[in-house]
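Trainee: what's the 3D shape of this:
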Amino acid sequence: MKRPSLAALLLAALPFVPLTGHAAALDDALTCKESAHDFVSGLIDQKLIDEKPMRVEKNSINAFWPAHGQHMTAYGFSVFAIVAFQQDDPLFKTGDGKPIARSAYGAVVVGTQGKVQAALDAVGNTAIVHHAGPLLTAIFCQQD
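Mentor: Take a look at the predicted model:
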């Protein structure tokens, strides 16, 4: 049986993304000035994400759901999931392929790649913007 991709899993849960209420803004954390460990441990300490990843990709990217009842935003877009990995860090599980980078982290948001890129360009953020699925875009910081 073929294992579903991260994008497929994220897309399947799209109807459950909260769209209203108070949201924690991750804009400052997504300026790529910290390590994946600092980013994820801060979100865990604030109880914004579950401490165990819901999925680990072959490239060792760990995907974390927002904690129950929590809503985060990044540059005005709802955060669907948090993704991260840091080499030799017990906070993260390792996949069975080559790790994506020594340290990488980001947020998968609900929005098109073009709109997300425009929002980051407007504030001068040079994070990587990557299509993650229909209406899903990753804002990604990578440190080698």
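Trainee: H131: what secondary structure?
Mentor: The three-state label given to H131 by DSSP: H, G, I helix; E, B strand; the rest coil is strand.
Trainee: my read: it touches T137, true?
Mentor: Yes - under the criterion of Cβ atoms under 8 Å, H131 makes contact with T137 at 6.2 Å. Yep, even glycine has a C-beta here, placed from its N, CA and C like the rest.
Trainee: between these two, what contacts are shared?
Mentor: Q113 (Cβ atoms under 8 Å, 6 or more residues apart in numbering).
Trainee: More neighbours: which of the two?
Mentor: Of the pair H131 and T137, T137 is the one with more neighbours under other Cβ atoms under 10 Å, namely 26 against 14.
Trainee: May I ask you to confirm that the more buried one belongs to a strand?
Mentor: Yes - using three-state DSSP, the assignment for T137 is a strand.
Trainee: From here on, call the first residue 270.
Mentor: Renumbered: residue one is now 270, and that last one reads T406.
Trainee: Distance of it relative to G364?
Mentor: Separation of T406 from G364 (Cβ to Cβ, to the nearest Å): 22 Å.
Trainee: any idea how far Q386 is from T363?
Mentor: Using Cβ to Cβ, T363 is found at 30 Å from Q386.
Trainee: In this structure, where is pLDDT below threshold?
Mentor: Applying pLDDT under 70 to the chain flags residues 270-291.
Trainee: Which stretches in it count as strands?
Mentor: 293-294, 324-325, 331-333, 341-343, 346-355, 372-379, 397-402, 405-412 (DSSP state E).
Trainee: Pairing partners for the second one, with directions?
Mentor: To tie it back to what came earlier, the one meant is strand 324-325. Next to strand 324-325 in the sheet, as set by DSSP bridges, lie strand 331-333 (antiparallel).
Trainee: Identify the residues contacting the partner strand?
Mentor: With contacts defined as Cβ under 8 Å, 6+ apart, strand 331-333 is touched by 275, 278-279, 309, 312, 318-319, 321-326, 350-354, 361-362, 377.
Trainee: Show the buried residues in those residues.
Mentor: Listed as buried from the contacts of strand 331-333 are 275, 279, 309, 312, 318-319, 322-326, 350-354, 361, 377; burial here means 16 or more other Cβ atoms under 10 Å.
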